[in-house]
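K.L.:
please work out how this folds:
(one chain, ligands or ions: 2)
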Amino acid sequence: MARIVFFTGAGVSAESGIPTFRGKGGLWEKFKVEELATPEGFFRNPKKVWEWYDMRRQAVAKAQPNDAHRLMARLEEECGDVWVITQNVDGLHQRAGSKNVIELHGNIWRVRCLDCGAVYYEYTTPLPEYPPKCKECGGMLRPDVVWFGEPLPMDALERAWDLSRTADIFVVVGTSGLVYPAAQLPYVAKENDAYVVEINPEETPISSIADEVLREKATVGMREIYPRLRERCGE
Ligand code: NAD
Ligand code: ZN
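P.N.:
Ligands and ions are numbered 1, 2, ... in the order given. Below is the predicted model of the structure:
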């Protein structure tokens, strides 16, 4: 039975109406990364960073998983050994029904206390104040996401690495392949003889190592490849 691993980025949620960072209409065209997605930016202006995150939380709350998320979840239900490694923080894979999800960059619904270290899910949005306060100790909360310059959660990274090494089919969907160390994973899969597929309307550094490229949006590409994946995992 083939092990199928999906590796997803912001592009898989684009058709759910959630803007990507890079590419056409990406968030970085309008906002400065160093102010909003770095620890330095946060400590300089926690209110501003929290306003931005709360705006994104509201957008995610209104969004629905799309067919790309759904087909990945369906394949997991039908085949079992199917995994999603995601750089996204929006939780849409889980909402579509995927259970085997590894989040490399945290989750936008989770908060972390800078005083007592408490970590918990906080679904209220809009938040009552910026920055919001810890429910345990009243300390300042930050979003439990990975910012530029911060290390990835070790357990998630290790599992992602193992899955990439052992994947038979590795499908890269909607990532620019520029954010390391996550962007290393397709190379790990390829070196270990996985069949690598890329689904992305634009060319990326991953395109050149892919065995097959679908220059399509995530939903279109997933609809196209789903029947073949279904066949392979049933072997
Ligand atoms: P990115 O913004 O750097 O790249 C997005 C990629 O998606 C581009 O290559 C673009 O061509 C492609 N794309 C655009 N529309 C698409 C579509 N309909 N179907 C398929 N592909 C499409 O995103 P990234 O590679 O994920 O990396 C950057 C960081 O962005 C990650 O760390 C992640 O945490 C963060 N991020 C997450 C979300 C989210 O959770 N939804 C949104 C924005 C950014
Ligand atoms: Zn606290």
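K.L.:
can you tell me what sits against whichever helix or strand Leu163 is part of?
P.N.:
Using DSSP states H and E, Leu163 falls within helix 154-166. For helix 154-166, the external contacting residues (C-beta atoms under 8 Å, 6 or more residues apart in numbering) are 3, 5, 7, 83, 85, 102-104, 170, 181-182, 185-186, 188-189, 192, 194. (Each C-beta comes from the backbone N, C-alpha and C, glycine too.)
K.L.:
in helices only, show me the residues you listed.
P.N.:
Leu185, Pro186, Val188, Ala189 (DSSP state H).
K.L.:
so who does Ser16 touch?
P.N.:
So Ser16 contacts Ala63, Gln64, Pro65, Asn66, His69, Leu92 (C-beta under 8 Å, 6+ apart).
K.L.:
pretty sure the fifth one contacts His93?
P.N.:
When you say that, I think you mean His69. Yes: using C-beta atoms under 8 Å, His69 is in contact with His93, at 5.5 Å.
K.L.:
excluding chain neighbours, what is closest to Gly138?
P.N.:
Asp115 (8.0 Å; C-beta to C-beta, 6 or more residues apart in numbering).
K.L.:
hang on, the earlier thing: give me the buried entries from the contacts of helix 154-166.
P.N.:
When those are checked for burial by 16 or more other C-beta atoms under 10 Å, the buried set is 3, 5, 7, 83, 85, 102-104, 170, 182, 185-186, 188-189, 194.
K.L.:
so what's the residue count around Arg95?
P.N.:
If you count neighbours by other C-beta atoms under 10 Å, Arg95 ends up with 16.
K.L.:
tell me the pLDDT at it?
P.N.:
According to the prediction, Arg95 has pLDDT 98.
K.L.:
again, but for Gly234
P.N.:
68.
K.L.:
what does the host helix or strand of Trp52 contact?
P.N.:
Secondary structure from DSSP H and E places Trp52 in helix 46-62. By C-beta under 8 Å, 6+ apart, the surrounding residues in contact with helix 46-62 are 17-19, 31, 35-36, 41-42, 90-92, 108-109, 125-127, 130-132, 140, 142-143.
K.L.:
in strands, which of those appear?
P.N.:
Residues of those located in strands (DSSP state E): Ile108, Trp109, Arg142, Pro143.
K.L.:
among the buried ones among the contacts of helix 154-166, which ones lie close to ligand 1?
P.N.:
Among those, no residue lies close to ligand 1 (C-beta under 6 Å from any ligand atom).
K.L.:
center of the chain, which residue is that?
P.N.:
Nearest to the centroid of the C-alpha atoms of the chain, with distances taken as C-alpha atoms, centre = their mean, sits Asn88, at 1.9 Å.
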